[in-house]
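>>> below is the sequence, then the predicted model.
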Amino acid sequence: MGLFDKLTGTQHPPEGVPPIPGEELRAALLGLNQPDVPYVIRYGGGEGCDLLAEWRLTEPAWQQVFVQSQISHAVRIRMRLDRKGHEVRALEEQWEVSRVGTPTRLQISSEYTRGPSRTVSREWTIGRGESGRLEATETFRFDSAELRQPLRDTVLKSGWTWRGVVFGKL
């Protein structure tokens with residue numbers, strides 16, 4: 001892996017893993033959709049890509065989780081499947097978010113960046129443990145890698161390359 005691959009987050013599949021057909025990979029990526037995950041993967045026809053993965057920021061069931069998480073950026077990953085090269089070109093985009101109103105809701109601002117990034121938010125509670133000593137217990141955790149990792153892992157297990165895009169077209 002070269003320096004540019006490291007900067008863009010590009011990863012290659014393990015040696016000897018044959019690539020599956022593009023339609024099977026598309027179905028596997030769409031199969032990651034579950035009601036208990038904080039993201040959705042959908043067809044990206046109107047977004048200039050084959051597939052689009054994004055946080056469920058606007059869904060009522062997930063809004064409180066995202067407000068509590070103290071995240072500062074909304075993330076979206078646009079993916080194009082290059083069937084000839086057996087690679088998924090992935091463009092990760094982020095927008096700054098702020099909390100507004102009562103009840104609090106998230107609002108996307110105009111600040112925009114592209115390329116891989118990571119946001120981690122944790123909440124701890126201090127209390128006495130079973131031994132009587134003070135202990136910190138993690139009560140909440142949010143990690144933006146929860147969006148990218150399942151996508152990338154599915155692509156790599158399918159024998160395809162995950163090609164991060166920072167410059168140029170998807």
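Received, thanks.

>>> just read off the phi/psi values of Arg148.
phi -70, psi -40 (degrees, to the nearest 10).

>>> that one: neighbouring residues, count only.
Neighbourhood size, Arg148 [other C-beta atoms under 10 Å]: 22. Using the backbone N, CA and C atoms, a C-beta is placed for each residue, glycine as well.

>>> ranges for the strands of the chain?
Under the criterion DSSP state E, the chain contains strands at 39-43, 51-55, 73-82, 87-100, 105-114, 120-128, 134-143, 161-165.

>>> which residues of this structure score low on pLDDT?
For the chain, the stretches with pLDDT under 70 are 1, 57-73, 98-110, 112-113, 140.

>>> try 50 this time
Along the chain, the model assigns pLDDT under 50 to no residue.

>>> in it, which residue is most central in space?
Leu147 (2.3 Å; C-alpha atoms, centre = their mean).

>>> quick one, what contacts that one?
Contacts for Leu147 (C-beta atoms under 8 Å, 6 or more residues apart in numbering) come out as Pro38, Tyr39, Ala53, Glu54, Trp55, Val75, Ile77.

>>> so what's the fifth one bridging to?
Per DSSP bridges, the residues bridged to Trp55 are Tyr39.

>>> hmm, it is touching Ile77, no?
No. Using C-beta atoms under 8 Å as the test, Trp55 is too far from Ile77 to be in contact (10.2 Å).

>>> quick revisit: got the contacts of Leu147 as a markdown table, with distance to Gly31 and neighbour count columns?
Shown next, in a markdown table, are these (distance: C-beta to C-beta, whole Å; neighbours: other C-beta atoms under 10 Å):
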| residue | distance to Gly31 | neighbour count |
| --- | --- | --- |
| Pro38 | 17 | 17 |
| Tyr39 | 13 | 22 |
| Ala53 | 13 | 24 |
| Glu54 | 17 | 19 |
| Trp55 | 19 | 23 |
| Val75 | 20 | 24 |
| Ile77 | 16 | 23 |
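
>>> which of the residues in stretch 9-17 are buried?
Gly9, Thr10, Gln11, Pro13 (16 or more other C-beta atoms under 10 Å).

>>> residues contacting the last one?
Applying C-beta under 8 Å, 6+ apart to Pro13 gives the contacts Pro19, Val155, Leu156, Lys157, Ser158, Gly159, Trp160, Thr161.

>>> can you check the first one too?
Under the criterion of C-beta under 8 Å, 6+ apart, the contact list for Gly9 reads Ala90, Glu92, Gly115, Pro116, Arg148, Arg152, Trp162, Gly164.
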